[in-house]
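> Have a look at this fold, sequence not included:
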């Protein structure tokens, strides 16, 4: 399980340190891809396999399914940590979400998100305003076991 929020900067070569608390769960390699809401997402190989099984169930006769699959998989990159616990964020992933220097790395339960600092602060501020209302609405989904 990934939890917490960490601030790190991209270095001049486009590398970022992955917090040590996350490295153990990621093991030797993992998947970096485009996420939702303006971030990048890191999945362990185990979690990526689960996602892949689920997206293979999507009907490819639906345009939205094809778009989602293409964006998710075409941007996916298998990563390994270097000796200092860093990964290289390819420019084709960093540019569309505005990642240039200051980043926030967020644990999001079964995955990790990498955000541009300003984008994260705006997103978090907006999401916090309706946190209780969203929690109440989502509780209905959780009670339908």
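Cool, got the structure. Worth saying up front: this structure is predicted, and the values here are computed from it rather than measured.

> do you know how far residue 98 is from residue 123?
Counting by Cβ to Cβ, to the nearest Å, the gap from residue 98 to residue 123 is 12 Å. All C-beta spots, glycine's among them, are computed from the backbone N, C-alpha and C.

> more crowded one of the two?
Taking other Cβ atoms under 10 Å, residue 98 and residue 123 do not tie; residue 123 has more neighbours (18 against 13).

> what's the pLDDT at the more buried one?
You'll see residue 123 listed with a pLDDT of 93.

> among the helices and strands of this structure, which one scores worst on average pLDDT?
Lowest mean confidence among the helices and strands of the chain (mean pLDDT, DSSP states H and E): helix 131-142, at a mean of 83.

> Could you list the residues in contact with it?
residue 127 (Cβ atoms under 8 Å, 6 or more residues apart in numbering).

> try stretch 21-35
1-2, 4, 18, 40-45, 48, 71-73, 75-81, 85, 87, 89, 93, 96-97, 105, 107, 111-113.

> What residues of it count as buried?
22, 26, 30-35 (16 or more other Cβ atoms under 10 Å).

> Name the SS class of the one residue sitting closest to the centre of the chain, please.
By Cα atoms, centre = their mean, the chain has its centre lying nearest to residue 41, at 1.7 Å. Per DSSP: H, G, I helix; E, B strand; the rest coil, the local secondary structure of residue 41 is strand.

> gap between it and residue 129?
24 Å.

> repeat for residue 93
Residue 93 is 29 Å from residue 129, by Cβ to Cβ.

> Looking at those two, which one has more neighbours?
The neighbour comparison of residue 93 against residue 129 (other Cβ under 10 Å) goes to residue 93, with 21 against 10.

> wait, doesn't the more buried one sit right on residue 74?
No: contact criterion Cβ atoms under 8 Å: residue 93 and residue 74 do not qualify, at 10.7 Å.
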